[in-house]
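K.L.:
next comes the sequence, and after it the predicted model I'd like to discuss.
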Amino acid sequence: MKYHLISLGCQMNLSDTERVRTVMHQLGFSHTDNEDEASILGIIACSVRQKAIDKVYSRIAMWNKMKHRKSLLTFVSGCILPSDKEKFLKLFDLVFPMSELPELPDMIHQYGIVTPVSLQQFDHGRQSMEKIKANVVAEKQSLLNPLDLKSGSKPSIKMNPAAGIDDFWHVEPTYTSDFEAFIPIQNGCDKFCTFCAVPYTRGREVSRPSSEIMDELKRLVEKGFKSITLLGQNVNSYGLDKKGDEVTFPELLRLIGEFGLKVKKEFWVYFTSPHPRDMTDEVIEVIAKYKVLAKQIHLPVQSGDDGVLLRMNRKHAMDKYRHIVQTIRQLIPEATIFTDIIVGFTGETDEQFENTRRAMEEFKYNMAYIAQYSVRPGAASSRWADDVPKETKKERYHLLTNELMKYSLEYNLSMIGKIVPVLVRGRDRKKGYLSALTEGKLVIRFASANESLIGSFVDVEIKSATPLSLEGELVEVKEYQVAIS
């Protein structure tokens with residue numbers, strides 16, 4: 001039996017999807033890219049963007065039509081607002097939060113999709129999930145004060161609002177790459193930006209134990225993974241929900257850096273996304289110190305105007321943001337800086353947009369993910385008038401995009417003649433070329449038909465540049481390579 005999965009939204013959803021794949025494989029299902037071959041169809045959804053939600057409705061409409069000619073089960077999980085969940089309950093067979101992923105085998109079993117052919121494998125998968133849940137409960141019980149355990153009574157465990165997320169983290173991912181991986185270090189967000197739905201889809205911040213993070217990182221490095229990204233809605237606040245019982249984010253980065261000094265393997269560790277409010281000089285200092293901590297920082301600005309930032313509830317002003325960028329430029333001059341920007345937020349005037357354009361000019365980002373503001377039900381700003389016309393939003397979007405192209409090209413041209421290490425990721429669209437990423441996550445291609453280089457570090461001399469990409473010539477293959485499977 002086969003399953004088909006669609007993942008929408010951010011890298012966190014992609015990471016979640018890898019754990020869903022594990023559960024499906026343990027149940028005896030195999031993945032297929034062909035929806036017509038699947039008995040189970042699932043979507044890891046994203047309520048943060050309207051376009052992503054529109055794709056969900058379009059897909060489930062098609063899937064429900066397929067039920068007229070074949071037996072299949074549909075499910076949806078991921079970042080889902082309560083308002084979307086209510087609608088999905090009428091459209092999908094199963095709707096569940098990602099924290100309940102270990103319960104998926106029982107949900108499918110109760111639905112009755114399992115055939116006698118796959119029953120043995122299915123039961124084995126259910127047993128695997130039960131072991132995961134049992135181990136998590138045992139760990140939690142071991143933390144109880146023995147005096148609380150009266151003879152003959154069952155231990156009482158108080159669960160936090162994100163109950164179940166520990167069980168989810170104990171599901172080992174089925175990685176879709178042999179050399180790139182995600183490690184979730186945190187779930188949820190406490191910032192409540194007025195445009196954002198994440199606190200309502202994922203709940204409050206919960207930090208994953210650093211021991212588990214380090215164990216997963218070490219396993220990945222041992223297996224030959226070269227690019228590892230730490231994931232969280234606000235990685236800077238990692239550990240703050242467990243003050244005194246867990247390390248802080250810069251301390252976690254330091255642990256990773258020290259591990260990198262001990263192993264004779266080359267790898268890059270990234271993180272996303274940080275919030276300017278919690279971004280400290282210490283984080284930047286640690287990145288500057290350790291080679292394995294990649295010199296690329298994604299620092300969302302959202303707007304370059306203090307008034308708009310206030311309405312967004314970003315809890316910082318541009319002076320704070322400016323200090324962070326200046327510190328990065330001073331301590332890590334080779335670092336690339338990426339950002340997120342929203343244009344046309346409620347009440348944004350021409351003057352306020354101009355301040356954002358000036359911020360783009362000042363910080364000269366290597367990449368900016370620019371979004372036109374759209375109302376998300378549940379977010380605080382949904383109660384306000386969406387008073388910036390669509391045409392104005394489009395105009396501002398294109399103006400900022402042109403600014404990005406200008407400064408990206410300026411930086412990329414300065415790279416010509418340099419020899420840089422890159423991680424080869426696959427075939428390029430240009431025939432006879434391979435595509436790679438620099439440490440700063442700049443896209444680069446070079447002429448080579450040697451696909452065994454995919455998953456390896458190589459040195460490339462940069463020969464030419466465009467606004468968002470580079471082209472170079474292969475110089476040297478690094479010592480440590482990962483053979484493609």
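P.N.:
Noted; the coordinates are in hand. Numbering: from 1, shown residues only.
K.L.:
next SSE downstream of the worst-scoring helix or strand of the chain on mean pLDDT?
P.N.:
Lowest by mean pLDDT, DSSP states H and E among the helices and strands of the chain is helix 119-142, with a mean of 46. Toward the C-terminal end, the helix or strand that comes next after helix 119-142 (DSSP states H and E) is helix 165-169.
K.L.:
what about the strands in the stretch 251-400 of the chain?
P.N.:
Counting by DSSP state E, counting those that start in this stretch, the stretch 251-400 of the chain forms strands over residues 268-272, 296-298, 336-343, 367-372, given from the N-terminal end onward.
K.L.:
give me the distance from the second one to the chain's centre.
P.N.:
For strand 296-298, the gap between its own C-alpha mean and the chain's C-alpha mean amounts to 14 Å (C-alpha atoms, centre = their mean, to the nearest Å).
K.L.:
circling back to that earlier point, wait, which of the strands of the stretch 251-400 of the chain is closest to Arg322?
P.N.:
Across the strands of the stretch 251-400 of the chain, the minimum distance to Arg322, taken as C-beta to C-beta, is reached by strand 336-343, at 12.3 Å. Placement of C-beta: from N, CA and C, glycine included.
K.L.:
so Asn190 sits in a helix?
P.N.:
Let me fix one detail, which is that residue 190 is Asp and not Asn. No - with DSSP: H, G, I helix; E, B strand; the rest coil as the criterion, Asp190 is coil rather than part of a helix.
K.L.:
quick revisit: and the strands of the stretch 251-400 of the chain as CSV, adding mean neighbour count?
P.N.:
Listed next are these as CSV, based on neighbours: other C-beta atoms under 10 Å:
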stretch, mean neighbour count
strand 268-272, 23
strand 296-298, 23
strand 336-343, 22
strand 367-372, 17
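K.L.:
possible to save these as CSV with distance to Ile40 and mean pLDDT?
P.N.:
Formatted as CSV, the strands of the stretch 251-400 of the chain follow (distance: least, C-beta to C-beta, whole Å; pLDDT from 0 to 100):
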stretch, distance to Ile40, mean pLDDT
strand 268-272, 30, 96
strand 296-298, 34, 97
strand 336-343, 34, 97
strand 367-372, 32, 95
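K.L.:
can you redo those as CSV with distance to Ile53?
P.N.:
Compiled in CSV, the strands of the stretch 251-400 of the chain are given as follows (distance: least, C-beta to C-beta, whole Å):
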stretch, distance to Ile53
strand 268-272, 22
strand 296-298, 24
strand 336-343, 17
strand 367-372, 14
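K.L.:
check contacts around the closest residue to Ala359 other than its chain neighbours.
P.N.:
If the residues on either side of it in the chain are set aside, Ala359 comes closest to Gly304, at 2.9 Å by C-beta to C-beta, 6 or more residues apart in numbering. By C-beta atoms under 8 Å, 6 or more residues apart in numbering, the contact list for Gly304 reads Met318, Asn355, Thr356, Arg357, Arg358, Ala359, Met360.
K.L.:
go on, Leu240?
P.N.:
Taking C-beta under 8 Å, 6+ apart as the test, what Leu240 contacts is Glu205, Ser207, Thr248, Asp278.
K.L.:
of those - the most surrounded one?
P.N.:
Neighbour counts for those were taken using other C-beta atoms under 10 Å; the highest belongs to Ser207, which has 24 neighbours.
K.L.:
is it true that it touches Ile185?
P.N.:
Yes - between Ser207 and Ile185 there is a contact at 7.0 Å, judged by C-beta atoms under 8 Å.
K.L.:
mutual contacts of the two, please.
P.N.:
Counting by C-beta under 8 Å, 6+ apart, the contacts common to Ser207 and Ile185 are Tyr238.
K.L.:
got the contact list for the helix or strand hosting Phe446?
P.N.:
Element membership for Phe446, per DSSP H and E: strand 443-447. Taking C-beta under 8 Å, 6+ apart as the criterion, the residues outside strand 443-447 that touch it are 420, 422, 428, 430, 432-438, 460, 462, 468-474.
K.L.:
now do stretch 359-374: distance to the chain's middle.
P.N.:
Using C-alpha atoms, centre = their mean, the distance between the centre of stretch 359-374 and that of its chain works out at 19 Å.
K.L.:
for it, measure first residue to last.
P.N.:
End-to-end distance for stretch 359-374: 22 Å, by C-alpha to C-alpha, to the nearest Å.
K.L.:
I'd like the next helix or strand past the strand holding Phe446.
P.N.:
Using DSSP H and E, the helix or strand that directly follows strand 443-447 along the chain is strand 457-466.
K.L.:
quick check: buried residues in that next one?
P.N.:
For strand 457-466, the neighbour count (16 or more other C-beta atoms under 10 Å) marks Phe457, Val458, Val460, Ile462, Ala465 as buried.
K.L.:
off-centre distance for stretch 205-225?
P.N.:
Stretch 205-225 has its C-alpha centroid displaced from the chain centroid by 15 Å (C-alpha atoms, centre = their mean).
K.L.:
same list (the buried residues of strand 457-466) but as JSON lines, adding pLDDT and distance to Pro377.
P.N.:
Shown next, in JSON lines, are those (pLDDT from 0 to 100; distance: C-beta to C-beta, whole Å):
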{"residue": "Phe457", "pLDDT": "97", "distance to Pro377": "45"}
{"residue": "Val458", "pLDDT": "97", "distance to Pro377": "47"}
{"residue": "Val460", "pLDDT": "97", "distance to Pro377": "46"}
{"residue": "Ile462", "pLDDT": "98", "distance to Pro377": "46"}
{"residue": "Ala465", "pLDDT": "97", "distance to Pro377": "43"}
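K.L.:
tabulate these in CSV, adding columns for distance to Ala181.
P.N.:
Supplementary listing: the buried residues of strand 457-466 in CSV, determined by distance: C-beta to C-beta, whole Å:
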residue, distance to Ala181
Phe457, 16
Val458, 20
Val460, 23
Ile462, 27
Ala465, 29
